[in-house]
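> got a predicted structure plus its sequence, pasted below:
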Amino acid sequence: MSPAIETLITSYNYWITIFLMVAGLYTVIAKDNMIKKLVGLSLFQTSVYLLYLSPGKILGGTAPIIDPALKVYSNPLPHVLILTAIVVGVATIALGLALVVRINEEYGTIEEDEIFETGTGK
Amino acid sequence: MFGLSPEQLVVAALIIPLIGAVAILLNTTRPNMREASTLVTAGILFLVVLDLLFAVSGGARPEVDVLTIQPGLSLVFRVEPLGMLFAAIASGLWIVNSIYSIGYMRGNNEPRQTTFYICFAVAIFSALGIAFAGNLVTLFLFYEVLTLSTYPLVTHKADEKARAGGRIYLMILLGTSMVLLLPAIIWTQFLTGTTDFTVGGILGGKASATTLAILLGLFVFGTGKAALMPFHGWLPNAMVAPTPVSALLHAVAVVKAGVFTVLKIAIYTFGTDTLATTGASDWLVYVAGFTILAGSLIAMTKDNLKARLAYSTVSQLSYIILGAALANASGILGGGLHIVTHAFGKITLFMCAGAIYVAAHKTEISDMRGLGWKMPFTFAAFGIAALSIIGIPPLGGSWSKWLLTLGTADAKQQIFIVVFMISSLLNVAYLLPIVVRGFYFSPAPSETPVEAGGGQSGIAEAPFLCVFPAVLTAFGCVVLFVYAGDIVAFLTPLVDVGKEVSNGG
Amino acid sequence: MASVSGENAVTVALTLTEQLPGLQIVVPLMGAIVCAFLRRGNLAWLVATLVTWSLPVISFLLLLEVQESGPISYKMGGWAPPWGIEYRVDQLNAFVLLLVSSVSAVAVPFARKSVAVEIDSDKHCWFYALYLLCLTGLLGMTITGDAFNIFVFMEVSSLAAYILIALGQERLALLSSYQYLIMGTIGATFYVIGIGFLYSLTGTLNLVDMTGRMEMLGLTDAVSPSMLAALAFIFVGISLKLALFPLHAWLPGAYAHAPSFVTVFLAATATKVAVYLLIRFLFSVFPTTAVFSELPMSTILLVLSVAAMFGASIVAIFQDNMKRMLAYSSVAQIGYMTLGIALANQAGLTGGIVHLFNHAITKAALFIAVGAVFYRIHSVRVEDWAGLGRKMPITMAVFALAGLSLIGTPGTAGFITKWNLSLGALEHGYWWLVILIMLSSLLAVVYVGRVIEIVWFRKPVATIDEARSPPMTMMVPLFVFAVAIIWFGLETSMSAGYAADAARFLLGGGGS
């Protein structure tokens, strides 16, 4: 196996990241259904989690607990950061869903094109 | 007179109109007190300015540093003869015009008179600010304040026509000043590191002749108030304003602020020597010459009296710009003097136009047949002022035209002597028929004189307060003929650089 | 600066002074929590007001300290950087902190009556809690020296802002909020992706550290691919947040349909902080020479800025909804700020930074005037305002004054911006840019002038029968902003002076 293909395969985590990122962004832009948009947004955010975690993990490394028996540690910082990012992401999606519920109450639909079709008046 | 130093007088002259504006506001509900405030303010202001005038003619050059906005950007007042003269004209004619305004505004039962008088006071304040400005930035600040404070006056009637006029007024004046004048000022700052008005100019040797010519173009066209073609359109449109506004602002304060700015920039930013040696202003001579003739020609076609006077103003303003563009002693002095003589002449003409409107409700010249016998004082004043504008001795206007003609000869631009002559003939052709029509024709048969009773030969003058100021300024035109020499002597330091420096030190 | 007598007082003041950067964030955060537990709207307003009023004091003291002894480093929770989160105050963000906190402090009294009529009374306490949270987020984004912490604060402020916007009376507010949520989250996520690249490149999240590591990697003059990726993601992410043309689509709706006070607050602060972030990353995190000479960053920003100045101004001319008109005007004005960044020289950057401040006070005054009118006549449609000048003369006079500042008339704050930007443009020899700046101001004359004409020179219409001067709590902020517009047009040591310091710091000292 040539080294180039090997790199391609071993960095599969990045391919997944890129796939999720593009799929998520596409969903946000292409879909009219507001819930689907939020799903896309969630996918998009998830791809970032992977992006952070991949370089932080060292194969064979363990959690950074100081113990003479352990030699190789994974970098804990990305995990900490992503924990925060997940919280932020959950909050965003929750708020987005709440807004969609309210929009459904007011407009009777959650399809963006239908809302714009019926006129955006009060 | 007041025991104040020249510096204090400068500050006083700027503050008094503002105090006046507040006094007018406080007397909103008491019209007599309100008008008294205007008159008292105008009177005190004139005395202060007069006091300052004597100080400046004695060689004082008071300077007041107000504040530094940021390095290279400061508000400074520095009084020199040209600005002093402009301030004296504006403040002096404000008194006359205020008397006239009272007669006109009450005679016509105009609404919103308080706003009118406040805006007037602020406009005079900004005219004085322009006159005393010590650098381009200060001048620009007051230039814009003048535009903004006169906008409500133009739109005073608040009907669709007035709003449209106001729109054009604002867009042309603000537009030219922001898109052309301000970049020119910033460019000057960038080239020289200062915008101060300095004797002999600051741009000499800082840029090539081409750059200077472009910069001059930005300055001159940017000063939309100078009404150089093609940026003259605001002036005829501003005629929707009540006549006192046209009289003081659009014959004196605003338009003179424009040409004053041009003169001042030519003398103190470029320096006449720089302009003359680099030839940066050569093109301007032709544009000004064109405007002189075109303005007069358009004036001929106008039947509305105020519109005709407006185009006459456009034409006359370019005399002054031409004087600046000639960049020699006679041109500058003639331009400076023309500011004064044209101010007296044109304000008289406008006040007469207003008086005719108040008394007979006529605005079209063709309707004015035989009106002279009913309004003899008005038409006599109109005639004198017209002759002064044309430039016939013994009236003030003859001197300034004489000096400007000398200037063209000095600059070897003899063709402009022809321009002046044609223009004077055109002046005759569009101004004198009005008087002739008034006195030598009987009213058209269809006209039934309904105003104020009286037969065809009975006198039906406008209110005293409308006529008296016009007669006064017409008399001023005669007096100017006698005192023109003194004004020229007062302005001489502008062109006599060596003397100015020794005086200034 | 505090003249304290007595030794104890001095020591107390000293320890407090050391904690100032922390207090800047902790005070509004605690205020938000307190508000959330209150049950009476007026009380919540009082807490919010007192808290907001304390913030400019803190940021002013910080600014003085920075002026005196250079950048302040504060270890949050005592953890030393680069492991702990560092709050770092330098000439640039001290200025932005002061801007955000003081503009909010002046505007907050306006909230009382405005919120009382526009928001259901059971939501008042939550409203003020969210407002304080949003403020916390904005201040946090400004003060922190940690790239990831910026993201967290960005989301704190954004989430609060989404809710605040959704509280608007019309149902369109919900839609605007939702759209802002989508766009805002994409922006924030882009930003995080960029930070991820930077982190894998440098192994640190501390902004100062990042610069140092990039220098160590020899990236001062050259651009590596991962750095380029990081820059691209961060640039687009922040541009979404600051509504850089053409990524501004969320802004007009959000400003137009939010409650009046929210519009005032967001218009005056939110985009300014985003612009600050852009300046921070372009001039002090990424190596400036690499960004501006190796990449066409100047050109990109220049083109987008000019497009914003013209495109958004032209759209503003055709708006009938006053809030929407001013919102488009904001997009145009943001163009001036980014233009200053694009020029990247002393005068230009000074103009860009000072416009953060000048535009904040100008837009705050305008939106407060609109809010005050809405409070009286319940309409923001310009036709309904005809003749309003006679009924609400002071409000409309301030509106006109702020309009002049928007245009950039001399004597107002807006002029200072134009002056500096133009000088910066001339330094590059871009004389055409000077003309473009002025032409775009002319468009402002059109949309401001149109309102002035309708308001002052039209016959009053029936809609304004009820109109009269707004209450004191609206009048005072309006008046203060009006004075500020003139004051900072004439005396600029506090605005342009500090902005020039910040620009000098960014261009001279770099990021270290």
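Okay, I see it.

> tell me the domain ranges of chain B?
B:1-280, B:281-496 (automatic domain parsing).

> quick check: mean pLDDT of the first one?
This means domain B:1-280. The pLDDT scores in domain B:1-280 average 85.

> could you pull up the mean pLDDT of stretch C:324-338?
Averaging pLDDT along stretch C:324-338 yields 93.

> am I right that residue B:76 sits in a strand?
Yes. Residue B:76 sits within a strand when classified using DSSP: H, G, I helix; E, B strand; the rest coil.

> for the closest residue in space to it that isn't next to it in sequence, give me its contacts.
Spatial nearest neighbour of residue B:76, chain neighbours left out: residue B:134 (3.4 Å); criterion: Cβ to Cβ, 6 or more residues apart in numbering or on different chains. Where you see a C-beta, it was placed from the backbone N, CA and C, and this is true even at glycine. Listed by Cβ atoms under 8 Å, 6 or more residues apart in numbering or on different chains, the contact partners of residue B:134 are B:63, B:64, B:76, B:77, B:78, B:196, B:197.

> next: residue C:249.
Taking Cβ under 8 Å, 6+ apart as the contact definition, residue C:249 lies against C:179, C:183.

> next: the one 10 residues further on.
The neighbours of residue C:259, taking Cβ under 8 Å, 6+ apart as the test, are C:114, C:115, C:118, C:119, C:164, C:167, C:168, C:169.

> quick one, phi/psi of it?
Note on residue C:259: its backbone torsions stand at phi -60, psi 150 [degrees, to the nearest 10].

> which non-adjacent residue is nearest it?
Here the nearest residue to residue C:259 in space, its sequence neighbours aside, is residue C:118; by Cβ to Cβ, 6+ apart that works out to 4.6 Å.

> read off the pLDDT value for that neighbour.
87.

> burial of it, as a residue count?
For residue C:118, the count of nearby residues is 21 (other Cβ atoms under 10 Å in any protein chain shown).

> which residues touch the spatially most central residue of chain A?
Centroid check for chain A by Cα atoms, centre = their mean gives residue A:46 as the closest residue, at 1.7 Å. If a contact means Cβ under 8 Å, 6+ apart, then residue A:46 has A:20, A:24, A:89 as its contacts.

> may I see the residues you listed organised as JSON lines, with pLDDT and neighbour count added?
As requested, the contacts of residue A:46 are exported to JSON lines (pLDDT from 0 to 100; neighbours: other Cβ atoms under 10 Å in any protein chain shown):
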{"residue": "A:20", "pLDDT": "91", "neighbour count": "19"}
{"residue": "A:24", "pLDDT": "92", "neighbour count": "22"}
{"residue": "A:89", "pLDDT": "92", "neighbour count": "22"}
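
> which residue, other than its chain neighbours, is closest to the residue of the stretch 251-400 of chain C found nearest chain A?
Among the residues of the stretch 251-400 of chain C, residue C:253 lies nearest to chain A; the distance is 9.2 Å by Cβ to the nearest Cβ. The spatially closest residue to residue C:253, leaving aside those adjacent along the chain, is residue C:176, at 3.6 Å (Cβ to Cβ, 6+ apart).

> measure the residue in chain A that chain C sits nearest to to chain B for me?
Using Cβ to the nearest Cβ, the single residue of chain A nearest to chain C is residue A:106, 4.0 Å away. Applying Cβ to the nearest Cβ, to the nearest Å, the value for residue A:106 to chain B is 40 Å.

> confirm that that residue sits in a strand.
No. Under three-state DSSP, residue A:106 falls outside any strand and is assigned helix.

> distance of it relative to residue B:402?
Applying Cβ to Cβ, to the nearest Å, one obtains 81 Å for the distance of residue A:106 from residue B:402.

> same question, residue B:463
Taking Cβ to Cβ as the measure, residue B:463 and residue B:402 are separated by 37 Å.

> which residue ranges form the strands in the stretch 1-150 of chain B?
For the stretch 1-150 of chain B, the strands identified by DSSP state E, counting those that start in this stretch occupy B:63-70, B:73-78, in order along the chain.

> any residue of the longest one up close to chain C?
Put plainly, it is strand B:63-70. Yes. Between strand B:63-70 and chain C, judged by Cβ under 8 Å from any Cβ of the partner chain, the touching residues are B:67, B:69, B:70.

> please tell me how far whatever residue of the stretch 201-350 of chain C ends up closest to chain B sits from residue C:244.
Of the residues in the stretch 201-350 of chain C, the one nearest chain B is residue C:350, at a distance of 8.8 Å by Cβ to the nearest Cβ. Using Cβ to Cβ, one gets 20 Å for the distance from residue C:350 to residue C:244.

> in terms of neighbours, single out the busier of those two.
Taking residue C:350 and residue C:244 together and counting by other Cβ under 10 Å, residue C:350 has the greater number of neighbours (32 against 26).

> would you agree the more buried one falls within a helix?
Yes. If the criterion is three-state DSSP, then residue C:350 is within a helix.

> give me the neighbour count for whichever residue of chain C sits closest to chain A.
Going by Cβ to the nearest Cβ, chain A is nearest to residue C:171 of chain C, at 4.0 Å. Number of residues near residue C:171 (other Cβ under 10 Å) recorded here: 18.

> give me the spatial nearest neighbour of it, chain neighbours excluded.
If you skip the residues right next to it in sequence, residue C:171 has residue A:106 as its closest partner in space, 4.0 Å away by Cβ to Cβ, 6+ apart.

> my guess is the one you found meets residue C:177, correct?
No. Applying Cβ atoms under 8 Å as the test, residue A:106 and residue C:177 come out as separate, 11.8 Å apart.

> what's near enough to touch residue B:323?
B:263, B:331, B:332, B:333, B:334, B:335, B:336, B:338, B:403, B:404, B:407.

> in a markdown table, list the residues you listed along with neighbour count, distance to chain A and secondary structure.
Formatted as a markdown table, the entries for the contacts of residue B:323 read as follows, by neighbours: other Cβ atoms under 10 Å in any protein chain shown; distance: Cβ to the nearest Cβ, whole Å; DSSP: H, G, I helix; E, B strand; the rest coil:
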| residue | neighbour count | distance to chain A | secondary structure |
| --- | --- | --- | --- |
| B:263 | 26 | 57 | helix |
| B:331 | 31 | 65 | helix |
| B:332 | 26 | 64 | helix |
| B:333 | 24 | 68 | helix |
| B:334 | 29 | 66 | helix |
| B:335 | 30 | 61 | helix |
| B:336 | 29 | 63 | helix |
| B:338 | 28 | 62 | helix |
| B:403 | 22 | 69 | helix |
| B:404 | 27 | 65 | helix |
| B:407 | 25 | 67 | helix |
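
> for those, which one is nearest residue C:328?
Closest approach to residue C:328 among the contacts of residue B:323 (Cβ to Cβ): residue B:263, at 41.7 Å.

> find the nearest non-adjacent residue to that closest one, please.
residue B:324 (4.9 Å).
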